[in-house]
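Novice: predicted model, plus sequence, below.
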Amino acid sequence: MSVAAVIVNYGTAELVVQCIDSLQETRWECDRLQVYVVDNASSDNSVEEIQAVISERGWNEWVELLCAPSNGGFAFGNNVGIRRALAGDDPSMGAVWLLNSDTIVRPGALESLLQALETHPQAGIVGSRLEDMDGTSQRSAFRFQTIGREWARGLNLGLWFKLFPNAEVAPVQVDQEYETDWLAGASMLIRREVIDDTGLLDEGYFLYYEEVDYCLRAARQNWRTVYVPTSRVVHLVGQSSGVTSRDADDRRLPKYWYESRARFFTQNYGKMSRIIADISWLTGHLLYRARCFLQRKSITFPKCMVRDFVRFNFWWPSRVG
């Protein structure tokens, strides 16, 4: 099977080059690996820098740089690469591998993903074990967000998760292959037939929730999603976006995070469900803050989250979605 890898860039030329470099050994783990780097109209010299390295290192044969007309977001950029891959002249291209620019692929990562597709014929999407440089595992397999899980997420109470373990969106991972609801989009291999059935990523998401939405849409087409821990990929968390980095608690979530969350609930569960989910998260979170106050504990959520949450979900002039 041939594989098309898509890497979206926005001002992260050095990371993109590092990612491509890590794919050199991986090239031989499938019949043919074609890499499409999509520059999302970066405001710096990314295009010139990446193209220069491709030429200098003789990567032209298997790496192609595409320039998107605008910065339409993660889904938009990936779709540019997916369309190019599907329009190619390789009939054996059987899967598209979405890779974040801030990833470094370990040897054997692609081979493990392809083996998982072969072992599980109903698996349409398979994803890697994301990890730090030192091998520490990162959460990368999740449950779908629901109204009940929004309440639990806002409440952030360990006892609640012990009583209702399925309320946890990000459960503890085990180092074995298993079916999950959705995977982090940093390393996600999508079978071509899934794209035929489900279509492309929803470009209404600028950043965040696009992979959740896609896995849910695929599940509704009876495709399963599988976590594959033997496929190991280093994820330099948040270096391409700056939002999910280790100091995220000190940062404010951007408006587009709230827009993506609102879109996910509205598109997939309906407007009323979105309203109930908003109320659930907020009431749960206010209880969490009251508990932190009484127990003199620090708040472990991004800055200004309550204010921004109310502003973007309940204050009509600035409400998103």
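Specialist: Everything's here; your move. Numbering: from 1, shown residues only.
Novice: would you mark the buried spots in stretch 274-282?
Specialist: By 16 or more other C-beta atoms under 10 Å, the buried positions in stretch 274-282 come out as 274, 276-282. (Each C-beta comes from the backbone N, C-alpha and C, glycine too.)
Novice: give me the subset of the residues you listed lying in helices.
Specialist: Residues of the buried residues of stretch 274-282 located in helices (DSSP state H): 274, 276-282.
Novice: now render those as CSV, adding distance to Met188 and pLDDT.
Specialist: What follows is those, written out as CSV (distance: C-beta to C-beta, whole Å; pLDDT from 0 to 100):
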residue, distance to Met188, pLDDT
Arg274, 25, 97
Ile276, 29, 98
Ala277, 25, 98
Asp278, 28, 98
Ile279, 32, 98
Ser280, 28, 98
Trp281, 26, 97
Leu282, 31, 97
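Novice: mind giving me a markdown table with the residues you listed and columns for distance to Tyr178?
Specialist: Output for these, formatted as a markdown table (distance: C-beta to C-beta, whole Å):
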| residue | distance to Tyr178 |
| --- | --- |
| Arg274 | 30 |
| Ile276 | 30 |
| Ala277 | 27 |
| Asp278 | 31 |
| Ile279 | 33 |
| Ser280 | 28 |
| Trp281 | 27 |
| Leu282 | 33 |
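Novice: now, among these, which is nearest to Phe314?
Specialist: Within those, distances to Phe314 taken as C-beta to C-beta reach their minimum at Asp278, with 7.0 Å.
Novice: would you mind finding the longest strand in the protein?
Specialist: strand 224-235 (DSSP state E).
Novice: just to check, His120 is in contact with Val226?
Specialist: Yes: contact criterion C-beta atoms under 8 Å: His120 and Val226 qualify, at 5.6 Å.
Novice: higher neighbour count, the two?
Specialist: Taking other C-beta atoms under 10 Å, His120 and Val226 do not tie; Val226 has more neighbours (22 against 16).
Novice: so what's that one bridging to?
Specialist: For Val226, the beta-bridge partners are Val126, Glu179 (DSSP bridges).
Novice: how about it, what does it touch?
Specialist: Residues in contact with Val226 (C-beta atoms under 8 Å, 6 or more residues apart in numbering) are 116, 120, 123, 125-127, 177-180.
Novice: just the buried subset of those, please.
Specialist: Judged by 16+ other C-beta under 10 Å, buried ones among the contacts of Val226: 116, 120, 123, 125-127, 177, 180.
Novice: quick one, strands of the stretch 51-200 of the chain?
Specialist: Taking DSSP state E, counting those that start in this stretch as the test, the strands found in the stretch 51-200 of the chain are 63-67, 93-99, 103-105, 123-131, 141-142, 178-180, 182-183, 187-191.
Novice: where in the protein is pLDDT low?
Specialist: 238-250 (pLDDT under 70).
Novice: surely Asn78 is in contact with Leu98?
Specialist: Yes: applying C-beta under 8 Å as the test, Asn78 and Leu98 come out as touching, 5.8 Å apart.
Novice: which residues are common contacts for these two?
Specialist: Common neighbours of Asn78 and Leu98 (C-beta under 8 Å, 6+ apart) are Val6.
Novice: overlap in contacts, His120 and Val226.
Specialist: Common neighbours of His120 and Val226 (C-beta under 8 Å, 6+ apart) are Val126.
Novice: sorry, back to before: between which two of the buried residues of stretch 274-282 is the distance greatest?
Specialist: Top of the distance list for the buried residues of stretch 274-282 (C-beta to C-beta): Arg274 and Leu282, 12.6 Å.
Novice: quickly list what the closest residue in space to Ile104 that isn't next to it in sequence is bridged to.
Specialist: Nearest non-adjacent residue to Ile104, counting by C-beta to C-beta, 6 or more residues apart in numbering: Val234, 4.0 Å away. Beta-bridge pairing for Val234 (DSSP bridges): Ile104, Glu131.
Novice: which residues touch Val234?
Specialist: Val234 neighbours (C-beta under 8 Å, 6+ apart): 103-106, 130-133.
Novice: put the buried members of the residues you listed into a PyMOL selection.
Specialist: The buried residues among the contacts of Val234 can be selected in PyMOL (16+ other C-beta under 10 Å) with this line:
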select buried, resi 103+104+105+106+130+131
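Novice: just to revisit the earlier point, closest to Ile82 among the buried ones among the contacts of Val226?
Specialist: Closest to Ile82, out of all of the buried ones among the contacts of Val226 and judged by C-beta to C-beta, is Ile125, at 13.4 Å.
Novice: can you tell me how far the closest one is from Ile195?
Specialist: As judged by C-beta to C-beta, to the nearest Å, Ile125 and Ile195 stand 10 Å apart.
Novice: also Arg232?
Specialist: 25 Å.
Novice: okay, the contacts of Val226 in CSV with distance to Leu200 next?
Specialist: Formatted as CSV, the contacts of Val226 follow (distance: C-beta to C-beta, whole Å):
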residue, distance to Leu200
Ala116, 23
His120, 23
Ala123, 20
Ile125, 14
Val126, 19
Gly127, 18
Glu177, 27
Tyr178, 27
Glu179, 24
Thr180, 22
